[in-house]
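Novice: Just a sequence and a predicted model for now, questions to come.
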Amino acid sequence: MRTHNNGFSLIELSIVLVILGLLAGGVMTGQALIRSSELRSVTTELTNYTTASNLFMQKYFALPGDMPDATAYWGQFPDGCPAGVGGIGKQTCNGNGDGLVMPPTAANLAGERYTFWQHLANAQMISGQYTGRAGPAGEHDTLFGVNVPLAKLSGGGWSVLEWSNVTGNAWYFDGNYNRTLTFGRDGAASGNNIGIFTTEEAYNIDRKIDDGIPNMGTVWNIQWDACTDATSGADTTAAYLLNDTNIRCALVFRNSF
């Protein structure tokens, strides 16, 4: 009696492998398209926050966060300023009106770095609501969507950096970071300066907006020893390491507003 082999033929196996290959290729293509869209959103968000900051200055004659009469518009934190307990809502602290967006301190967790975003939201110039103070890990604790904006790029968020005459820092290139917006992953006690881009992605954003050099012009790389061939923060000949495919880079956008 003749028996039948119920296994797949070579032709059937070939068809299955082709289908699996097409599905895998489709998934990879879809992921690449999503990543590309998220990367484009970084420059869009940068433009939105720059525009909002400039409109705020035109309306209130002060920088957001640095605004000396903010509580006259939106009320004061329940426990007063400078420390304040903060909270979701419009109650805030005044800035000192010196034309700088200064960071918080251990004694003043409601620093201008955080009220910057709260003032913009209070003025309805950006979406969301922000606490206006640092997170529980200390004065550098950025919480995406809570005290600083959450980005469309997965894992990313925005913050403000005001820092002049930087030299010999273990992370930042030497120079001035005045009215600077920063973009990266959350490092809890170290702010949002953890890498979120591959070197090629950071380079492409830099080249699109600026000059493609990691410590020249307006777009700079955070962490001079990551993503670049710099030998120190003072290295003026640094270039992006485009053969590095790891996610190591975060960016600052100097003189953004």
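Specialist: That came through, no problem.
Novice: C-alpha from now on. contacts and neighbour counts both.
Specialist: Noted.
Novice: Need the nearest residue in space to the residue most central in space within the chain, chain neighbours excluded.
Specialist: Centrality entry for the chain: nearest residue to the mean C-alpha point is Phe183, 2.1 Å, by CA atoms, centre = their mean. Nearest residue to Phe183, sequence neighbours excluded (CA to CA, 6 or more residues apart in numbering): Trp158, at 4.9 Å.
Novice: ditto for Ala230
Specialist: Nearest to Ala230 is Ala238, by CA to CA, 6+ apart, at 4.7 Å.
Novice: Count the neighbours of that neighbour for me.
Specialist: Applying other CA atoms under 10 Å, we find 21 residues neighbouring Ala238.
Novice: I figured it hits Ile213, correct?
Specialist: Yes - the pair Ala238 / Ile213 is scored as a contact, 7.2 Å apart, by CA atoms under 8 Å.
Novice: re the thing from before, how near is the residue nearest to Phe183 to Gln31?
Specialist: 23 Å (CA to CA, to the nearest Å).
Novice: Equivalent analysis for Leu150, please.
Specialist: 20 Å.
Novice: The two: which has the busier surroundings?
Specialist: More crowded of Leu150 and Gln31, by other CA under 10 Å: Leu150, with 17 against 12.
Novice: Relative to Asp244, how far out is the more buried one?
Specialist: From Leu150 across to Asp244, the span is 27 Å (CA to CA).
Novice: same question, Gly155
Specialist: With CA to CA as the criterion, Gly155 and Asp244 are 20 Å apart.
Novice: same check, this time on Thr236
Specialist: Between Thr236 and Asp244 the distance is 20 Å, computed by CA to CA.
Novice: and the residue nearest to Phe183, what are its phi and psi?
Specialist: phi -110, psi 150 (degrees, to the nearest 10).
Novice: what's the burial count for it?
Specialist: For Trp158, the neighbour count with other CA under 10 Å is 28.
Novice: Could you do Ser154 as well?
Specialist: Neighbours of Ser154 (other CA under 10 Å): 12.
Novice: same thing with the one 10 residues further on?
Specialist: By other CA under 10 Å, the residues close to Ser164 number 12.
Novice: swap in Val160?
Specialist: Val160 is flanked by 27 other residues according to other CA under 10 Å.
Novice: residues in contact with it?
Specialist: Val160 sits next to 101, 113, 116, 179-182 when contact means CA atoms under 8 Å, 6 or more residues apart in numbering.
Novice: for it, helix, strand, or coil?
Specialist: Under the three-state scheme (DSSP: H, G, I helix; E, B strand; the rest coil), Val160 adopts strand.
Novice: now do Asp98
Specialist: Asp98 is classified as coil under three-state DSSP.
Novice: my guess is Tyr114 contacts Val146, does it?
Specialist: No - here Tyr114 does not reach Val146: they are 9.9 Å apart, not a contact under CA under 8 Å.
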